Each structure stands twice: as C-alpha cells, then as structure tokens.
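Visitor: Got a predicted model here, sequence first, then my questions.
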Amino acid sequence: MRRNPDDDEDPFGDHFGGINEMFSEMAGEETEPIDVHEYDDELRVVADIPEANQDEIDIQCDGRILAIRVARDPRPVIKRINLPAYVDDQSAEMGYNSGILEITLGQTTDPANIGFQ
C-alpha cells in the first residue's frame, strides 16, 4: 500500500500518543510549578500545592537539594529542586497558606563537611 507523503496522519499516534504524559504522571511531574528566588543572603522557594493539608507536606534539605513530598492518595507527589546555592538547613522558615508553600533558607558559602573521627 502506498501512502501519500503529504498525509498528516501518524500511524503510531493512537498507540503511543499518551506515553510521555503517562511517564510524567508516574514520576510526579504533573505537580504545580515551583519558583526559586535568590537574594543576597537567602533563597526563597514558592510552590503552588493546592488541596493539601499542612500535615501532608514534608520538606527535607541537603546542601543544594530541596525535596518536597506531599502525602496524597493514591500516590505521593515528590519534587526535588536543585538550589542555585548551598543553604543552611537549620535556618529554614516555612509557611503554608491557601495552597501556597513558602520556604526561606539562609545561604552559606560552603557545603557541610563531615569528617572521620
């Protein structure tokens, strides 16, 4: 069977059309956008997390990686953010109001160093 090269129909479109969307959803990439604002001595992370309770949100920080986990059914949403600078995780201040999560972290110049004793 010969096909017209100008024919726009994709023979695989029906079979594979949603595969990228499926993998994105499985990886938790359908989460809302996250903004990172860098100031002189601190970073501010603002995330839109609708329909969550404050007790469902878990935040962890390790050097330049911030992880936000939202315990949702049927699967949790996990978002890892590469921060533009090292932060002092002990300086973290967090707030959650009307679906908006705000995290402020103080910047530090060096990563934490853990040595042998």
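Guide: Cool, got the structure.
Visitor: Bridging across strands, which residues link to the nearest residue to residue 84 once chain neighbours are set aside?
Guide: Nearest non-adjacent residue to residue 84, counting by C-beta to C-beta, 6 or more residues apart in numbering: residue 38, 5.4 Å away. Backbone N, C-alpha and C define where each C-beta goes, glycine included. Beta-bridge pairing of residue 38 under DSSP bridges involves residue 43.
Visitor: what about residue 38, neighbour count?
Guide: 12 (other C-beta atoms under 10 Å).
Visitor: right, and it touches residue 86 too?
Guide: No - applying C-beta atoms under 8 Å, one finds residue 38 not in contact with residue 86, separated by 12.0 Å.
Visitor: in this structure, which segments are predicted with low confidence?
Guide: The chain contains residues with pLDDT under 70 at 1-32, 110-117.
Visitor: what about the strands in it?
Guide: With DSSP state E as the criterion, the chain has strands at 34-38, 42-48, 57-62, 65-70, 77-82, 87-97, 100-107.
Visitor: Now do residue 78 against residue 50, distance only.
Guide: Per C-beta to C-beta, to the nearest Å, residue 78 is found 16 Å from residue 50.
Visitor: between these two, which one's more packed in?
Guide: Applying other C-beta under 10 Å to residue 78 and residue 50 shows that residue 78 carries more neighbours, namely 14 against 8.
Visitor: what pairs with the more buried one across the strands?
Guide: Beta-bridge partners for residue 78, by DSSP bridges, are residue 69.
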